[in-house]
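Asks: Give me a 3D structure for the following:
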Amino acid sequence: MEKGIYFFRCAECGTRNKIPEEKIGVSSKCGKCRATMKTEELLNDKPVVITADNFNEKVIKSPLPVLLDCWAPWCGPCKMMAPVLDELASEWKGRVRVCKLEVDGNPDVAARFRIQSIPTMIILDRGVEKETMIGALPKQQIIMKMAPYL
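Replies: Below is the predicted model:
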């Protein structure tokens, strides 16, 4: 990534657009289809809470690659992973959208990905499932799996 430059995919046509840091938060247009892009989403440095209601908008139509953490509040390994995912959300701000899906509260979305063990982390790019990681993993291992999408 060039310093001060972010790549942001248009939700309408999927074209990858360069956004200078000083233009983040300002309404931008896609260079191909001219659709308005909500670049303020690049400023989010915390995991995004995913529900059945916002799944398509925040995960499938994400302008950034997504790391989806499927977890439950009663799961010890999930609790261990929470600070790691918070760190990654901050470190990857503007490059990856880190999301958290509470599986007990969203069984339909969990079933869509055939979640049988938690924590399960799924990498999606352009709404397509690319990789799945199961269990509490070291931060470095998650970074290595995400490297092709950064």
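Asks: show me what contacts residue 7?
Replies: 1, 16-19, 95 (CB atoms under 8 Å, 6 or more residues apart in numbering). C-beta coordinates here come from the backbone N, C-alpha and C atoms, glycine included.
Asks: can you tell me how far residue 88 sits from residue 111?
Replies: 26 Å (CB to CB, to the nearest Å).
Asks: follow-up on the earlier one: are any of the contacts of residue 7 buried, and if so which?
Replies: Those of these that meet the buried threshold are 17, 19, 95, by 16 or more other CB atoms under 10 Å.
Asks: Pretty sure the second one sits in a strand.
Replies: The one in question is residue 19. Yes: the assignment for residue 19 is a strand, going by DSSP: H, G, I helix; E, B strand; the rest coil.
Asks: Pairing partners for it in the sheet, please.
Replies: Note on residue 19: beta-bridge partners residue 6, judged by DSSP bridges.
Asks: From residue 139, how far out is it?
Replies: From residue 19 to residue 139 the distance is 27 Å (CB to CB).
Asks: ok, now how distant is residue 78 from residue 85?
Replies: Counting by CB to CB, the separation of residue 78 from residue 85 is 10 Å.
Asks: Residue 21 now?
Replies: If you go by CB to CB, the gap between residue 21 and residue 85 works out to 24 Å.
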